[in-house]
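A.B. asks: Quick one: sequence and predicted model below, then my questions.
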Amino acid sequence: MTTLSELSDLVKGKIIGDPTMVITGVSEIQNGRESTITFLSNSKYKKYLPSTGASAVVVSKASLLDNKPGIVHHNPQLAIAKILGEFTPKLLYTRGVNETAYVDSKAKIGKNVTIGPFSVIEAGVIIGDDSNIGSHTVIDQKTSIGKNCKIFSNIHIYHGTNIGDNAIIHSGTVIGSDGFGFVTDKDINHKIPQNGYVIIGNNVEIGANCAIDRGTIGDTIIEDQCKLDNHVHLAHNVRLGKGCLLTAAVTIAGSVEVGEFCIFAGHVGVAPHVKIGARSVLAAKTGVSKSLTGGKVYAGMPAREIKEQHKREAVYSEVVRMLKRLKKLENDQHKT
């Protein structure tokens, strides 16, 4: 049983209302349920606040509550993330190696590690303490996985991959497959051996069905705190700086360098051998064909600063309208 006061202490917020109120879970503000807590972060959802069925609300200002119980926090979304953690179901795993799994005698397995049914752990693999390897997962030779990692089911991690602590890797992802490297001579495509590795830092999360290619000579590198959504593809020798956020279906071609704390919206594509400066934001479906300086918002194909892109779109729309008017005038003139 969790009280409003305990949740307020958890997020270090200011409580409004009865501190002994019992909270049993979290609900959406538009579908609020009694005895749950919700939050208001996006102003688009403010209209639901007066009628929400939730018993308490996390808000940024006390005035928003209008006498409703809740918690005031400078970042309601961060607060609700911590509260969701409190109510996340605790899944039970049987510690140890499942009898159907294969673990090579030359692998080093840490304390309190779980290895699920039918998984394969090859020679030279190192798995840190308290990590969980799901079922039907293959970890190839000389791969290192840090402490407290969650490697879900049906994942293939190729040889020589290095993964830091607290990683979360979701099902269907492949890490360390060959990069797309070929050289054509006399109409024959010759494969370029991909002899580099993949290096992943601490506290990285990789979504479902991602593909992270190994380097050709150097390594593909994902630095600490990066978070990848589902269906992200990083080609060989890509380097992601610390704290980058890549949403669904982002594709980054070979040897691209991305600075720290960049944000890529869905379906962004990046051409090979370019550099993207730190804290860049790329809007959905942006196509990057040349290097970009950091600290700006970009959109369009090719990528331009978003204000410039909006101006171009406005001019294009105006030209279309003018052409329609001109065509109408020409038609009217022919009729007379």
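C.D. replies: Okay, I see it. Numbering: from 1, shown residues only.
A.B. asks: make it CA atoms for all contacts and neighbour counts henceforth
C.D. replies: Will do.
A.B. asks: Can you list the buried residues in stretch 215-232?
C.D. replies: Neighbour counts over stretch 215-232 (16 or more other C-alpha atoms under 10 Å) mark 215-216, 218-232 as buried.
A.B. asks: Sitting in helices, which of the residues you listed do you find?
C.D. replies: Per DSSP state H, helices hold no members of these.
A.B. asks: Which of these fall in strands?
C.D. replies: Mapping the buried residues of stretch 215-232 onto strands (DSSP state E) picks out 220-222, 227-228.
A.B. asks: mind putting those residues in CSV, distance to residue 49 and pLDDT included?
C.D. replies: Below are those laid out as CSV (distance: C-alpha to C-alpha, whole Å; pLDDT from 0 to 100):
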residue, distance to residue 49, pLDDT
220, 46, 98
221, 44, 98
222, 40, 98
227, 31, 98
228, 32, 98
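A.B. asks: Go through those residues and name the one nearest residue 21.
C.D. replies: residue 227 (35.3 Å; C-alpha to C-alpha).
A.B. asks: quick one: the closest one from residue 85, how far?
C.D. replies: 18 Å (C-alpha to C-alpha, to the nearest Å).
A.B. asks: try residue 113
C.D. replies: Computed with C-alpha to C-alpha, the distance linking residue 113 and residue 85 is 22 Å.
A.B. asks: more neighbours, these two?
C.D. replies: Neighbour count, other C-alpha atoms under 10 Å: between residue 113 and residue 85, residue 113 has more, with 22 against 10.
A.B. asks: Please verify my assumption that residue 24 contacts residue 38.
C.D. replies: No - using C-alpha atoms under 8 Å, residue 24 is not in contact with residue 38, being 11.4 Å away.
A.B. asks: Of the two, which one has the most company?
C.D. replies: Neighbours per residue, other C-alpha under 10 Å: of residue 24 and residue 38, the larger number sits with residue 38, 27 against 16.
A.B. asks: Please identify which helix or strand holds the more buried one.
C.D. replies: Assigned by DSSP states H and E, residue 38 falls within strand 36-39.
A.B. asks: export that strand as CSV, just CAs?
C.D. replies: Taking C-alpha atoms only, strand 36-39 is exported to CSV below (Å, rounded to 0.1, in the frame of the first residue of the first chain):
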residue,chain,number,x,y,z
THR,A,36,-4.7,6.2,-9.1
ILE,A,37,-2.4,9.2,-9.7
THR,A,38,-1.9,10.9,-13.1
PHE,A,39,0.1,13.8,-14.4
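A.B. asks: Tell me which residues are up against it.
C.D. replies: Outside strand 36-39, the residues that touch it by C-alpha atoms under 8 Å, 6 or more residues apart in numbering are 23-29, 32, 54-59, 70, 76-77, 80.
A.B. asks: Averaged pLDDT, that strand. What do you get?
C.D. replies: Mean pLDDT, computed over strand 36-39, is 96.
A.B. asks: after it, next one along is what?
C.D. replies: strand 56-59.
A.B. asks: residues in contact with that following strand?
C.D. replies: By C-alpha under 8 Å, 6+ apart, strand 56-59 touches 35-41, 65, 68-76, 79-80.
A.B. asks: partners of that strand, with directions?
C.D. replies: Using DSSP bridges, strand 56-59 pairs in its sheet with strand 36-39 (parallel), strand 70-72 (parallel).
A.B. asks: count of neighbours near residue 9?
C.D. replies: The number of residues packed around residue 9, counting by other C-alpha under 10 Å, is 13.
A.B. asks: is it fair to say it lies in a helix?
C.D. replies: Yes - residue state for residue 9 (DSSP: H, G, I helix; E, B strand; the rest coil) corresponds to a helix.
A.B. asks: Against residue 89, how distant is it?
C.D. replies: According to C-alpha to C-alpha, residue 9 and residue 89 sit 21 Å apart.
A.B. asks: likewise residue 98?
C.D. replies: Relative to residue 89, and taking C-alpha to C-alpha, residue 98 is found at 23 Å.
A.B. asks: which one of the two has more residues nearby?
C.D. replies: Neighbour comparison, residue 98 and residue 89: the larger count goes to residue 98, with 16 against 8 (by other C-alpha under 10 Å).
A.B. asks: Where is the longest helix in the chain?
C.D. replies: In the chain, assigned by DSSP H, the helix with the most residues is helix 306-335.
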